[in-house]
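Engineer: okay, sequence plus prediction incoming.
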Amino acid sequence: MKPISIEVWNPSGKYRVVSTKSMPGSRWIRLLTEQDCRVEICTETKTILSVDDILALIGDRCDGVIGQLTEDWGDVLFSALRRAGGTAFSNMAVGYNNVDVDAANKHGIAVGNTPGVLTETTAELAASLSLSAARRIVEADQFMRAGLYDGWLPHLFVGNLLKGQTVGVIGAGRIGSAYARMMIEGFKMNLIYYDLYQATRLEKFVTAYGEFLKANGEQPVTWKRASSMQEVLSEADVISLHPILDKTTYHLINKDSLALMKKEAILVNASRGPVIDEAALVEHLKANPMFRVGLDVFEDEPLMKPGLAEQKNAVVVPHIASASKWTREGMATLAALNVLGKIKGYPVWSDPNRIEPFLDESSPPPAASPSIVNAKQLGLPSSKL
Ligand SMILES: NC(=O)C1=CN([C@@H]2O[C@H](COP(=O)(O)OP(=O)(O)OC[C@H]3O[C@@H](n4cnc5c(N)ncnc54)[C@H](O)[C@@H]3O)[C@@H](O)[C@H]2O)C=CC1
Ligand SMILES: O=C(O)C(=O)CO
């Protein structure tokens with residue numbers, strides 16, 4: 001196996017923890033080295049590591065690995081990690097569709113993720129894409145830079161007004177709910193959402209905000225929980241996708257579902273690329289020039305389906321929804337603490353929706369793993385803190 005380049009922190013540490021990528025901030029490194037970990041960070045320049053690259057990083061002895069959503073964590077890697085004496089893996093991401101959790105269970109490896117710390121940052125990017133698509137910001141920017149602006153015109157880059165329109169959210173979990181609140185409070189949009197579960201806190205927020213507006217003599221905002229995704233698609237003016245990616249959400253948006261949407265609707269995706277059948281989307285964008293889309297994620301990432309890049313009615317950004325400094329440093333911290341907690345035999349934090357104590361830099365983090373998705377399957381104890 002060819003050697004792979006690494007940077008080492010605290011070479012004499014007892015536990016060997018590997019990070020497949022350099023991650024923002026230094027707190028995560030400090031938290032590990034202070035607890036007797038030797039931290040090895042892969043410094044290879046290529047963006048996506050192969051399974052063979054990661055096998056080389058795991059080597060003969062490794063206690064835990066912090067990995068990335070671009071990596072294929074299945075039976076090959078989890079069995080190698082187990083053979084190397086490891087018991088802990090954490091994605092530096094909240095989504096873990098790149099991880100075969102059954103394989104991890106089989107080898108007794110804890111799988112961590114990083115919920116919460118990226119909720120607002122990701123929702124803000126979805127809101128940015130919604131606005132960029134509605135007001136044609138990217139097209140207008142390109143027009144200016146091309147020197148084409150020769151004076152104000154009544155028809156120049158006319159887009160959509162959001163106020164009073166309906167925002168549709170598919171997957172009203174942490175990020176979907178945060179996005180909905182931004183669009184409702186910011187632009188006084190009405191809400192329609194579809195989720196397998198009732199978003200009670202979100203409903204209460206919209207009701208209370210509607211009452212506040214009414215008391216101030218303004219049109220109140222409203223909410224509706226749709227009984228099918230189709231209802232959201234046909235009623236909403238702006239639709240944002242925020243479900244997890246699994247078998248039930250693969251190609252949730254396809255030729256048939258696109259046909260249900262309004263001709264001038266806006267579709268935003270900051271969840272996972274395969275939630276949309278991207279080839280069908282390209283055809284829909286070509287046939288419906290007033291339909292607009294804002295995409296952070298792509299079906300064959302890092303590639304775009306042929307034809308997408310040429311569509312003026314598409315705003316595309318490279319999977320940057322969680323890319324704020326605070327969030328990325330926090331994700332690194334949570335991922336490191338997931339691995340550390342398992343190595344040290346700490347319990348698992350009882351509420352992965354309440355991870356703030358791990359992010360407070362003024363005090364040491366709780367002695368727990370912030371979020372282990374297979375804690376129950378592995379029978380790991382839950383923190384009483
Ligand atoms: N673009 C990016 O950089 C980022 C993308 N993400 C993606 O966003 C996803 C959601 O993250 P969170 O909101 O923190 O997760 P969450 O678990 O709080 O929310 C997911 C929601 O999707 C719902 N859901 C599941 N299956 C569904 C279905 N078939 N139809 C409708 N709703 C369904 C769940 O009930 C849940 O409410 C992550 O799994 C990840 O893939 C997350 C962060 C950043
Ligand atoms: O956390 C995730 O799931 C991402 O996509 C990157 O933030």
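Structural biologist: Structure's in. What do you need? Ligands and ions are numbered 1, 2, ... in the order given.
Engineer: just the strands in the chain please.
Structural biologist: Across the chain, reading from the start of the chain, the strands by DSSP state E fall at 6-9, 15-19, 37-42, 64-67, 88-91, 110-112, 166-170, 190-194, 223-225, 238-241, 266-269, 292-295, 314-316.
Engineer: possible to save these as TSV with mean neighbour count?
Structural biologist: C-betas here are computed from N, CA, C, even on glycine. Shown next, in TSV, are the strands of the chain (neighbours: other CB atoms under 10 Å):
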stretch	mean neighbour count
strand 6-9	14
strand 15-19	25
strand 37-42	22
strand 64-67	29
strand 88-91	28
strand 110-112	29
strand 166-170	27
strand 190-194	25
strand 223-225	18
strand 238-241	28
strand 266-269	29
strand 292-295	26
strand 314-316	20
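Engineer: which parts of the chain sit against ligand 1?
Structural biologist: Of all the residues in the chain, those in contact range of ligand 1 (CB under 6 Å from any ligand atom) are 94-95, 115, 118, 122, 170-176, 194-197, 242-245, 248-249, 270-272, 296-297, 319, 321-322.
Engineer: and the pLDDT for the closest residue to residue 187 other than its chain neighbours?
Structural biologist: Nearest residue to residue 187 in three dimensions, chain neighbours excluded: residue 162, at 4.1 Å (CB to CB, 6 or more residues apart in numbering). Per-residue confidence (pLDDT) for residue 162: 98.
Engineer: check residue 1 too.
Structural biologist: The predicted local confidence for residue 1 comes out at a pLDDT of 62.
Engineer: quick one: the helices in the stretch 101-250 of the chain?
Structural biologist: Residue ranges of the helices in the stretch 101-250 of the chain, as given by DSSP state H, counting those that start in this stretch, are 101-106, 119-135, 137-145, 174-187, 200-215, 229-235.
Engineer: residue 334 is nearest to which of those helices?
Structural biologist: Each of those was checked against residue 334 via CB to CB, and the shortest separation belongs to helix 119-135, namely 12.4 Å.
Engineer: just checking, residue 190 touches residue 163?
Structural biologist: No: taking contact to mean CB atoms under 8 Å, the distance of 10.4 Å between residue 190 and residue 163 leaves them out of contact.
Engineer: before we move on, the earlier item: can I get the helices of the stretch 101-250 of the chain in CSV with mean neighbour count and mean pLDDT?
Structural biologist: CSV is the format used below for the helices of the stretch 101-250 of the chain (neighbours: other CB atoms under 10 Å; pLDDT from 0 to 100):
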stretch, mean neighbour count, mean pLDDT
helix 101-106, 17, 98
helix 119-135, 23, 98
helix 137-145, 13, 98
helix 174-187, 22, 98
helix 200-215, 15, 98
helix 229-235, 20, 98
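Engineer: reformat those helices as CSV; add distance to ligand 2.
Structural biologist: Supplementary listing: these in CSV, determined by distance: least, CB to the nearest ligand atom, whole Å:
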stretch, distance to ligand 2
helix 101-106, 15
helix 119-135, 7
helix 137-145, 22
helix 174-187, 9
helix 200-215, 20
helix 229-235, 21
